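Peer 1: Generate a structure from the sequence data that follows.
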Amino acid sequence: MRNIVLIPTYNEKENISNIIHAIFDLQEMFHILIIDDNSPDGTASIVKNLQKKFEDRLHIIERAGKLGLGTAYLAGFKWALENNYDYIMEMDADFSHDPKDLPKLLNACAKDGADVSVGSRYISGVNVVNWPMGRVLLSYFASAYVRFITRMKIRDTTAGFVCYSAKVLRCINRDKIKMRGYAFQIEMKFTTWKLGFNITEVPIIFTDRKEGASKMSGGIFNEAVWGVIKMKVASFFKKYKCVE
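Peer 2: The predicted structure is shown next:
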């Protein structure tokens with residue numbers, strides 16, 4: 001069983017070495033693919049130096065510029081499938097997702113039979129640390145809004161800590177995934193759900209970053225608000241079927 005963790009980066013020099021070491025310190029065998037959007041702070045150089053230590057387990061895609069979270073993950077999915085990984089995981093570089101939770105997400109798929117597992121902040125209350133109350137409320141009600149529009153039963157619809165089985169990613173027509181910011185996570189879950197795959201949520205504690213700057217912006221929220229409505233309306237005129 002081959003497992004890989006995809007980590008998109010832009011200016012993460014304060015975190016990148018520590019997150020890589022934390023993942024490789026786990027007993028479970030994970031490989032890592034960094035997708036770096038030409039970080040001016042030298043994130044990619046740090047990764048390439050670490051490849052000398054972790055030559056067969058650490059990989060990197062270097063892109064020309066800041067092209068968006070969604071396109072970074074799509075590039076990572078393509079690479080992982082071409083290299084025959086069985087489970088492909090998404091996580092942030094900034095320790096907001098605890099690497100120690102990776103085995104829980106993997107086991108939910110590999111052992112318990114889920115097709116996709118979501119590291120959920122809201123499946124057992126509100127498990128968020130170091131966020132201001134305004135941001136907690138915004139995130140919580142954003143997920144509630146997405147549930148209302150889409151009718152998905154997922155509590156944390158915007159979560160970015162996810163494990164996909166390769167068969168799900170092979171089935172999805174990834175060329176049709178349109179959202180580029182954080183709403184990409186919603187569109188991927190919605191498409192997976194419409195295709196009839198089994199999605200489960202695994203409780204995690206989300207901790208706000210301590211190092212580096214957040215990439216959140218008003219444009220990201222606008223994409224989520226209006227993009228979800230457009231996605232739902234488009235779904236009425238679309239047939240969801242596996243591309244394989």
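
Peer 1: Return the helix or strand in the protein with minimum mean pLDDT.
Peer 2: Across the helices and strands of the chain, the lowest-confidence element by mean pLDDT, DSSP states H and E is strand 128-129, at a mean of 77.

Peer 1: same for that strand, what does it pack against?
Peer 2: In terms of contacts (3 or more C-beta pairs under 8 Å, 6 or more residues apart in numbering; DSSP states H and E), strand 128-129 is packed against strand 206-207. For every residue, glycine as well, the C-beta is placed using N, CA and C.

Peer 1: And the strands in the chain?
Peer 2: Taking DSSP state E as the criterion, the chain carries its strands at 3-9, 31-36, 58-62, 87-90, 116-120, 128-129, 162-165, 199-203, 206-207.

Peer 1: Who's the closest spatial neighbour of residue 119, skipping the chain neighbours?
Peer 2: Spatial nearest neighbour of residue 119, excluding adjacent residues (C-beta to C-beta, 6 or more residues apart in numbering): residue 161 at 3.2 Å.

Peer 1: from memory that neighbour sits against residue 97, does it?
Peer 2: Yes - counting by C-beta atoms under 8 Å, a contact exists between residue 161 and residue 97, whose distance comes to 4.3 Å.

Peer 1: joint contacts of those two?
Peer 2: By the contact definition C-beta atoms under 8 Å, 6 or more residues apart in numbering, residue 161 and residue 97 are jointly contacted by 91, 119, 204, 206.

Peer 1: Quick one: residues contacting the first one.
Peer 2: Translated: residue 91. For residue 91, the contacting residues are 5, 6, 7, 97, 99, 102, 119, 160, 161, by C-beta under 8 Å, 6+ apart.

Peer 1: same question, the second one
Peer 2: Counting by C-beta under 8 Å, 6+ apart, residue 119 touches 91, 97, 101, 104-105, 156, 159, 161-162, 201-202, 204, 206.

Peer 1: so where's this protein uncertain?
Peer 2: Flagging of the chain using pLDDT under 70 yields the residue ranges 130-131, 209-221.

Peer 1: let's see 50
Peer 2: Segments of the chain classed as low confidence (criterion: pLDDT under 50) are 217-218.

Peer 1: what ranges do the helices span in it?
Peer 2: If DSSP state H is used as the criterion, the helices of the chain fall at 16-24, 43-50, 69-82, 102-110, 133-150, 166-171, 183-194, 218-235.

Peer 1: picking up where we left off before, how about the contacts of residue 119 in a markdown table, adding distance to residue 26?
Peer 2: Compiled in a markdown table, the contacts of residue 119 are given as follows (distance: C-beta to C-beta, whole Å):
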| residue | distance to residue 26 |
| --- | --- |
| 91 | 12 |
| 97 | 13 |
| 101 | 10 |
| 104 | 11 |
| 105 | 12 |
| 156 | 23 |
| 159 | 20 |
| 161 | 15 |
| 162 | 17 |
| 201 | 21 |
| 202 | 16 |
| 204 | 15 |
| 206 | 19 |
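
Peer 1: Great, nothing more from me.
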